[in-house]
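Colleague: Would you be able to build a 3D model of this:
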Amino acid sequence: MTFTRRVELPCTVADAFAALHDPAVFRRVSRPFLHFTPLDPTTFPERYESGKSYVVGAKAFGLVPLGAQEINPTTSRDAKRSVFVDNGRGVSGALGAMNHFHHTMTLEPSDHGATVLSDTLEWDAGLLSPAFYIGFRFFWWWRHRVMMRLARNW
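Modeller: Numbers count the residues shown, from 1 in each chain. Reported below is the predicted structural model:
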């Protein structure tokens, strides 16, 4: 299954791209629904590095264990766009039910100075895919709402 959300962020492409590399931003846009704990390495890095792998434990509302997830970013930039791709996967628990997970965030300047974020999520969890769809859609709506608020200060 796939869906894409597009939102405008009140910041520059460079500032948004830097924020996508910041584990503190990742955690902030995920709360209160998801709480992440670093497992490997055992502390969050100062910033995510392209080509490195990070494993985090996830809990719904900080209480219900969902399993572990690998974050494996690859990034690229050119004169017009910056792209952050998470090639990670669910490792265990409910997150391990994912057969395929591919998350792409593309940043481009708008005509009036803001940044357009195109956020595409592709996944396959077999028969559970429709249930994940409902959760992902709501969670992505929430993430973008928080991102738009935070981006004013990036």
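
Colleague: Show me where the chain has its strands.
Modeller: For the chain, the strands defined by DSSP state E occupy 2-9, 34-40, 54-60, 64-71, 73-77, 82-86, 89-90, 100-109, 115-124.

Colleague: got JSON lines for those strands, with mean neighbour count, mean pLDDT and distance to Val146 too?
Modeller: To be clear about C-beta, it is placed using only N, CA and C from the backbone, and glycine gets the same treatment. Listed next are these as JSON lines, based on neighbours: other CB atoms under 10 Å; pLDDT from 0 to 100; distance: least, CB to CB, whole Å:
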{"stretch": "strand 2-9", "mean neighbour count": "15", "mean pLDDT": "95", "distance to Val146": "11"}
{"stretch": "strand 34-40", "mean neighbour count": "17", "mean pLDDT": "97", "distance to Val146": "12"}
{"stretch": "strand 54-60", "mean neighbour count": "19", "mean pLDDT": "97", "distance to Val146": "17"}
{"stretch": "strand 64-71", "mean neighbour count": "18", "mean pLDDT": "96", "distance to Val146": "18"}
{"stretch": "strand 73-77", "mean neighbour count": "15", "mean pLDDT": "96", "distance to Val146": "20"}
{"stretch": "strand 82-86", "mean neighbour count": "20", "mean pLDDT": "98", "distance to Val146": "17"}
{"stretch": "strand 89-90", "mean neighbour count": "20", "mean pLDDT": "92", "distance to Val146": "23"}
{"stretch": "strand 100-109", "mean neighbour count": "17", "mean pLDDT": "96", "distance to Val146": "14"}
{"stretch": "strand 115-124", "mean neighbour count": "18", "mean pLDDT": "96", "distance to Val146": "12"}
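
Colleague: Nearest to Arg137, out of those?
Modeller: Counting by CB to CB, Arg137 lies closest to strand 2-9 out of these; the figure is 6.6 Å.

Colleague: ok so, going back, of the strands of the chain, which approaches Arg143 most closely?
Modeller: Of all these, strand 115-124 comes closest under CB to CB, at 8.0 Å.

Colleague: tell me the angle of the closest one relative to strand 82-86?
Modeller: Relative orientation of strand 115-124 versus strand 82-86 (axes from the mean of the first three to the mean of the last three CA atoms, to 10 degrees): 20 degrees.

Colleague: Name the surrounding residues that touch strand 115-124.
Modeller: 1-9, 11-13, 15-16, 98-110, 129, 132, 136, 140, 143-144, 147, 151 (CB atoms under 8 Å, 6 or more residues apart in numbering).
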